[in-house]
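K.L.:
Show me how the following folds:
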Amino acid sequence: MNLRTLVLGLAVVATAGLNSLMAQAASQLDTAIKNPSNWAAQAGNYANHRYSTLKQINENNVGKLQVTWTMSTGVLRGHEESPLVIGDTMYIHSPFPNKVIAINLKDQTFIWQYQPK
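P.N.:
Residues are numbered from 1 along each chain as shown. So this is what the prediction gives:
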């Protein structure tokens, strides 16, 4: 077996492995999106509906909503992206310096933060 055949073979195996991982990730995302308690896609689902099917907030109680907690990313510029919620964790992406933050929704604490260098 020559080097070119070996490299080509390894590339095919690596691509197959990557495709398998991508399919698994897509399957997990599909499952997360189907759960109405999650907001696992930018607009809520693949159809970009941008609304939730949950019924806790309705036309009879929407006027009684109040702020229960706030948090700051430390970035003072506008935040225009939608947070993602999967289970009890909210993921936020800030504008520059592009922080990614995970927040525990049960007690509103930071789980982790990533800031690229």
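
K.L.:
residue ranges with poor pLDDT in this structure?
P.N.:
1-23, 25 (pLDDT under 70).

K.L.:
again, only this time at 50
P.N.:
Within the chain, not a single segment meets pLDDT under 50.

K.L.:
Got phi/psi on the most centrally placed residue in the chain?
P.N.:
Here the mean C-alpha position of the chain is nearest to the C-alpha of Leu84 (CA atoms, centre = their mean), at a distance of 4.1 Å. Dihedral angles of Leu84 (phi, psi; degrees, to the nearest 10) stand at phi -110, psi 140.

K.L.:
what's near enough to touch Thr73?
P.N.:
79, 92, 94, 99, 101 (CB atoms under 8 Å, 6 or more residues apart in numbering). C-beta coordinates here come from the backbone N, C-alpha and C atoms, glycine included.

K.L.:
ditto for Pro36
P.N.:
52-54.

K.L.:
Recalculate using a threshold of 6 Å.
P.N.:
Residues near Pro36 by CB atoms under 6 Å, 6 or more residues apart in numbering: 53-54.

K.L.:
Wasn't it part of a helix?
P.N.:
No - Pro36 is assigned coil when assessed by DSSP: H, G, I helix; E, B strand; the rest coil, not a helix.

K.L.:
still on that earlier bit, what's the PyMOL line that selects buried ones from the contacts of Thr73?
P.N.:
Selecting only the buried entries of the contacts of Thr73 in PyMOL, with 16 or more other CB atoms under 10 Å as the criterion:
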select buried, resi 92+94+99+101
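
K.L.:
now, among the contacts of Thr73, which is nearest to Ile33?
P.N.:
Of all the contacts of Thr73, Ile92 has the smallest distance to Ile33: 18.6 Å, by CB to CB.
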